[in-house]
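A.B. asks: build me a model:
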Amino acid sequence: MRSLWLFPPLLLITGWACTQTPKPVQEVKIQMKNQRPAPVGPDLVHFQKLQPLFKRQGLRKEALLAAKEKGLIGESENGYILIRNEKGLAPDELKKLKSVVLQENKDRKKMYQFLSREQKFKNEEYQIMKKNMFESFLEWDPPGVYYFKNKKWLKK
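C.D. replies: Numbering: from 1, shown residues only. Coordinates of the predicted model:
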């Protein structure tokens, strides 16, 4: 069995761990043929390479949380943020929102790719990691925000 760990330190570093206490993290196990078990948990030395990314994510945290609380954006089960509602936004506000979401999603993609390379994930494991990160991000979000799962918007 190979374990995919949910990387809660990422949430602490990026500042997402400030809204509520999460439920205990569960491991997802995948049966891998002819492989030794992978170490569980990240090597903090590798996270040093992601520090600039974490800093950028921390700077966007408040803007993203405010947009989530207004129902404008939400987490999606593929591990990225989606725009949910553009109605009522002035053109400059919409442009700013799209820019913040785009930058956050670019950084998430870089983070996912980095973690996937470090852990030598295959595509199935990569997809599971992104879904696990969605669950982690959602766990830290406050009640009342929206998220996209099974092709529909739901309210937490």
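
A.B. asks: tell me the secondary structure of residue 88, please.
C.D. replies: coil (DSSP: H, G, I helix; E, B strand; the rest coil).

A.B. asks: sorry, wrong one. I was asking about residue 82.
C.D. replies: Using three-state DSSP as the criterion, the local structure at residue 82 reads strand.

A.B. asks: for it, give its distance to residue 137.
C.D. replies: 12 Å (CB to CB, to the nearest Å). For glycine as for every other residue, the C-beta is placed from the backbone atoms N, C-alpha and C.

A.B. asks: these two: which is more packed in?
C.D. replies: Taking other CB atoms under 10 Å, residue 82 and residue 137 do not tie; residue 137 has more neighbours (21 against 16).

A.B. asks: helix or strand for the more buried one, which one?
C.D. replies: Assigned by DSSP states H and E, residue 137 belongs to helix 123-140.

A.B. asks: rounded mean pLDDT for that helix, please.
C.D. replies: For helix 123-140, mean pLDDT is 88.

A.B. asks: any idea how far that helix is from the chain center?
C.D. replies: 7 Å (CA atoms, centre = their mean, to the nearest Å).

A.B. asks: next SSE downstream of that helix?
C.D. replies: Helices and strands here follow DSSP H and E; after helix 123-140, the next one along the chain is strand 146-149.

A.B. asks: hey, C-alpha coordinates of the following helix or strand past that next one in PDB?
C.D. replies: Downstream of strand 146-149, the next assigned helix or strand under DSSP H and E is strand 152-155. Below are the C-alpha coordinates for strand 152-155, written out as PDB (Å, rounded to 0.1, in the frame of the first residue of the first chain):
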ATOM      1  CA  LYS A 152     -23.300  21.200  -9.100                       C
ATOM      2  CA  TRP A 153     -22.800  24.000  -6.600                       C
ATOM      3  CA  LEU A 154     -23.400  23.200  -3.000                       C
ATOM      4  CA  LYS A 155     -23.400  25.300   0.100                       C
END
